[in-house]
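Trainee: sequence first, predicted coordinates after that:
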Amino acid sequence: MTTLAEITTRIVVADDAAVIRDGVCSLLSCNPTWQVCGEARDGEEAVEKVRNLKPDVIVLDVRMPGMNGFAAARKIREVAPATKILIFSMDDREEISDMAQQAGADAFVSKTEDPGSLVAAVKRLVEMKRRGDDS
């Protein structure tokens, strides 16, 4: 059993689809040093969760009601510049990846990819954060 002292990475998952959100939380919780510390159903809630919980990483859907993922990413970059942002979208077109980067995201993963791609991307962000790499 993992103790609180062993948890090194705190993650927020934001997606309006409960099935996707639950699946992502379950997948990421398989790593014993990662803790999903919050969930959000829309962009406004995602920004609030990041502001209050100060996670290391946020997995952020693009299409959510109210504030979309791109707008939320820009706001998160302002309120929590140290939080690594991963945009997660059903739309895997290159322009979506480009828009994610322009919004301040550190990584982009398509929901159509293998689940291991999401885990690998979060691992890369965790390593970037540990190194203090802002690129």
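Mentor: Now that the structure is in, tell me what you want to look at.
Trainee: just give me how far stretch 97-109 sits from the chain centre.
Mentor: Taking Cα atoms, centre = their mean, to the nearest Å, one finds stretch 97-109 lying 11 Å from the centre of the chain it belongs to.
Trainee: do me a favour and get the end-to-end distance for that stretch?
Mentor: Distance between the two ends of stretch 97-109: 8 Å, counting by Cα to Cα, to the nearest Å.
Trainee: identify all contacting residues around that stretch.
Mentor: Applying Cβ atoms under 8 Å, 6 or more residues apart in numbering, the contact partners of stretch 97-109 are 60, 62, 69-71, 73-74, 76-77, 84-89, 96, 117-118, 121, 124-125, 128. From N, CA and C alone the C-beta is placed, and that goes for glycine too.
Trainee: which positions in it come out as buried?
Mentor: When neighbours are counted by 16 or more other Cβ atoms under 10 Å, the buried residues of stretch 97-109 are found to be 97, 99-100, 103-109.
Trainee: ok so, going back, of the contacts of stretch 97-109, keep whichever come out buried.
Mentor: Of all those considered here, the ones buried according to neighbour count by 16+ other Cβ under 10 Å are 60, 62, 69-70, 73-74, 76-77, 84-89, 96, 118, 121, 125, 128.
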